[in-house]
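>>> My questions concern the predicted model and sequence given below.
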Amino acid sequence: MSVLTYRDALNLALKEEMRRDPSMVVWGEDVALYEGSFKVTRGLLAEFGEERVKDTPISENTIVGVAVGAAMGGLRPVIELMTVNFALLAMDQIINHMAKIRSMFGGQTFLPMTIRMPGGGGSQLAAQHSQSLETYFMHCPGLRVLYPATPSDAKGLLKTAIRDNNPVIFLEHELLYNSKGEVPEDPEFLIPAGQAEIKRPGEHVTIVAYARMTILALQAAEELERDGISCEVVDLRSLAPLDEETVIASATRTGRAVVVDECWRTCGLGAEIASRIFERCFDRLQAPVKRVSGLDVPMPYSRKIERICIPQTETIVQAVKDVMSGRY
Amino acid sequence: METTLRRVLPDQELIRLYEQMFLSREFEERCAEQYSKGHITGFLHLYSGQEAVAVGATAGLHRDDYILSAYREHAQAIVRGAEPRRVMAELFGKATGICKGKGGSMHLFDPSLNFMGGYAIVGGQFPISVGLAFASRYRGEDRIAACFFGDGAVNQGTFHESLNWAQLWQLPVLFICENNFYGIGTELHRSSALASIHRRTCGYDIPSEKVDGMDVIAMYKAVRHAAEKVRETGRPHFIEATTYRFRGHSMSDPGKYRSAAEHELWKTRDPLPNYARRLIQEDIATREALDAIEARCKTIIDEAVAFAEQSPWPEDAEVFNDIYV
């Protein structure tokens, strides 16, 4: 084990996989010479050269489409779209092509490709650069969607994504890049897709979260422990496939659930999870499932009001207290 | 001055071009018939009139070269070697179809033929072609990507993004525009600021040319020459083939936006009878020999229809195969 930042854990995963597989290439806006807007691709150009690590034009739809073609042609492209917000320009290639090609061509080809995208809010980047679009990708069949919360998960999940023979959307939270944690040194350390992790066991209530919301949920759980409330924190890690069993088992055990997501509340990830909990273990619940979500507004710039648009530790604490006390 | 055919290709090859054009036409006309009977449903975009483009171009490429196309791609697939009966079964939605009945008319695909797909989103195939060309170069393969598209696609962002990219990274892509002058019902000059499509590549410094897409030999020569150039230089090239579709955009389009006079004029340029005439005039084939070819093609398509009719539907469980999550 060594202590790494989330950023360096991702960087290590990229390097290890590139060393392992010469068919892997890394492309994106400013990933080579500039070493990535968030410096996740640092050192790649120097080690692997210009044919494997390439800066692309600012043409998001075509970045994804070229990777689709390259993957079909036998390569393993890992591309970075500078932020998830720019994925909206590439939605045709992501939804109509990347997600569909395997199925609509009768399984005659596959696309071993990964799109890495930093996302999330909280850095005062305002409406066009602070979006949490994970629900958009989860909604579309044919895509895997992974979103790690810790450096260790970042490494293990990215390696899984890269080795996967199907298209993977790999989200990274911008506010987690500097977070630190222990990361296994084993280059074969992989975390399978579709496995949530109970990051903290507890008895009274289940908090379901992912990415940065997991970190906040853990902080909330610590505070609540002092009030005698024992929270179980389930970190989804993989949004598609979704580890429904772990969520349901936990909610069944504790009898209460709070789902925390960073995206817009309406039709969001939290709505989906809450609905599945109601469908599968309604009779075991002692309280309705509560959602803590991003507000249904375009993200404002001002620090003071940006804060209220994104779930905070105290919002999670309050939601848990509400569920425990029967205030819905 | 017309080229003497024998200076271009051996007799057998010249005759094969006719056979492929006739097979394509027959396939399409029988599709129309099967559509009216309700055996083929969904969208159906037929190629009748444009055969010289697919046939001439494909003959000018290597078997290893990738071919990509749009949603009017039956002929490209069949000419490349896809079995007509498996294509017909696909159109019928049967399990024996080339994509197990999951793709349909607009999504034909066969990697064993390096036929890398029909794509139903206008312009969707541009970047995919560029990616395949990159993969080919990266893996040290001697193959180019030939990307077919219509005149309507040149106004998509992917067209400009992909031309820029192919030239920037110096990738072996041959762009082949099938200019039939109409994007559904909108005539070219009503959608394109610069209606001379081949001139659009100036902005990317990609060499381009305009070719008579009703002349299979002109297409063959242009594509063979261009493909060699692309292979040699590793850089993209662009061909605008002017052509005409004798039917509407799709089966739901009666094509009333085009005048009868215009239609008649293009009919006189029908690539099939014109080419047949040349073959006979130059003593390459007799009328009887061509009749025999036509009869053989009809039999192949008869068998394709029968095969599609008799094939089983996909099992319900098939919907969960080959997808993810």
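Structure's in. What do you need?

>>> Keeping just the C-alphas, turn stretch B:245-253 into PDB.
The C-alpha coordinates for stretch B:245-253 follow below in PDB (Å, rounded to 0.1, in the frame of the first residue of the first chain):
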ATOM      1  CA  ARG B 245     -31.900   8.400 -56.900                       C
ATOM      2  CA  PHE B 246     -34.800   7.300 -59.100                       C
ATOM      3  CA  ARG B 247     -37.000   6.800 -56.100                       C
ATOM      4  CA  GLY B 248     -37.900   9.000 -53.200                       C
ATOM      5  CA  HIS B 249     -35.800   9.400 -50.100                       C
ATOM      6  CA  SER B 250     -37.600   6.500 -48.500                       C
ATOM      7  CA  MET B 251     -40.600   4.400 -49.200                       C
ATOM      8  CA  SER B 252     -42.800   7.000 -47.600                       C
ATOM      9  CA  ASP B 253     -41.600   9.700 -50.000                       C
END
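
>>> May I see the buried residues of that stretch?
B:245-251 (16 or more other C-beta atoms under 10 Å in any protein chain shown). Just so you know, the C-beta spots here come from the backbone N, C-alpha and C atoms, and that holds for glycine as well.

>>> And stretch B:33-42, by the same measure?
For stretch B:33-42, by 16+ other C-beta under 10 Å, it's B:34-35, B:39-40.

>>> so how far does it reach from one end to the other?
Start and end residues of stretch B:33-42 are separated by 14 Å (C-alpha to C-alpha, to the nearest Å).

>>> so how far is it off the chain centroid?
From the chain centre to the centre of stretch B:33-42 is a distance of 21 Å (C-alpha atoms, centre = their mean, to the nearest Å).

>>> Next: stretch B:176-192.
Distance, centroid of stretch B:176-192 to centroid of chain: 16 Å (C-alpha atoms, centre = their mean).

>>> what does stretch A:133-142 give?
The answer for stretch A:133-142 is 11 Å, by C-alpha atoms, centre = their mean.

>>> now swap in stretch B:210-226 and tell me
That offset, for stretch B:210-226, works out to 13 Å (C-alpha atoms, centre = their mean).

>>> Contacts for it next, please.
With contact meaning C-beta atoms under 8 Å, 6 or more residues apart in numbering or on different chains, stretch B:210-226 is reached by B:3, B:5, B:8-9, B:17, B:21, B:50-53, B:55-57, B:59-61, B:146, B:174, B:176, B:178-179, B:196-198, B:209, B:237, B:239-244, B:266, B:269-271, B:274-275.

>>> Can you give me the buried ones in it?
B:210-224, B:226.

>>> what pLDDT, on average, does that stretch get?
Mean per-residue pLDDT for stretch B:210-226: 98.

>>> phi, psi of residue A:65?
Main-chain dihedrals, residue A:65, degrees, to the nearest 10: phi -60, psi -40.

>>> Which residues of the stretch 51-200 of chain A lie near chain B?
By the rule C-beta under 8 Å from any C-beta of the partner chain, the part of the stretch 51-200 of chain A lying against chain B is A:51, A:54, A:56-57, A:59, A:61-75, A:77, A:92-93, A:96-97, A:101-109, A:141-144, A:166-167.

>>> swap the cut-off to 6 Å and go again
A:57, A:59, A:61-62, A:65-66, A:68-70, A:73-75, A:92, A:96-97, A:102-109, A:141-142, A:166 (C-beta under 6 Å from any C-beta of the partner chain).

>>> Mark which of the buried residues of stretch B:210-226 are part of helices, please.
B:216-224, B:226 (DSSP state H).

>>> and the two most separated of these?
B:216 and B:226 (15.6 Å; C-beta to C-beta).

>>> What residues does the closest residue to residue B:146 other than its chain neighbours make contact with?
Distance criterion C-beta to C-beta, 6 or more residues apart in numbering or on different chains; nearest residue to residue B:146, sequence neighbours excluded, is residue B:174 at 4.6 Å. Applying C-beta atoms under 6 Å, 6 or more residues apart in numbering or on different chains, we find residue B:174 in contact with B:144, B:146, B:226-227, B:230, B:237.

>>> residues contacting residue B:195?
Here residue B:195 is in contact with B:188-189 (C-beta under 6 Å, 6+ apart).

>>> Quick check: residues of the stretch 1-150 of chain B near chain A?
B:99-100, B:102-103, B:107, B:109, B:111, B:121, B:124, B:127-128, B:130-132, B:134-135.

>>> go again using 8 Å as the cut-off
Applying C-beta under 8 Å from any C-beta, one finds that the stretch 1-150 of chain B approaches chain A through B:66, B:97-103, B:107, B:109-111, B:116-117, B:119, B:121, B:124, B:126-136, B:138-139, B:145.

>>> Show the buried residues in those residues.
Using 16+ other C-beta under 10 Å, the buried members of the residues of the stretch 1-150 of chain B next to chain A are B:66, B:97-103, B:107, B:109-110, B:116-117, B:119, B:121, B:124, B:126-136, B:138, B:145.

>>> returning to what we had before: which among the ones in helices among the buried residues of stretch B:210-226 gets closest to residue B:288?
residue B:216 (21.2 Å).

>>> For chain A, see how far away the closest one is.
Residue B:216 sits 28 Å away from chain A, going by C-beta to the nearest C-beta, to the nearest Å.

>>> same check, this time on residue B:299
For residue B:299, the distance to chain A - C-beta to the nearest C-beta - is 27 Å.

>>> And for that residue, the neighbour number?
Applying other C-beta atoms under 10 Å in any protein chain shown, we find 11 residues neighbouring residue B:299.

>>> Which residues does the helix or strand that contains it contact?
Assigned by DSSP states H and E, residue B:299 belongs to helix B:287-310. Helix B:287-310 is touched from outside by B:15, B:18-19, B:22-23, B:26-27, B:30, B:34, B:39, B:83-85, B:87-89, B:91-92, B:94, B:96, B:276, B:279-280, with contacts defined as C-beta under 8 Å, 6+ apart.
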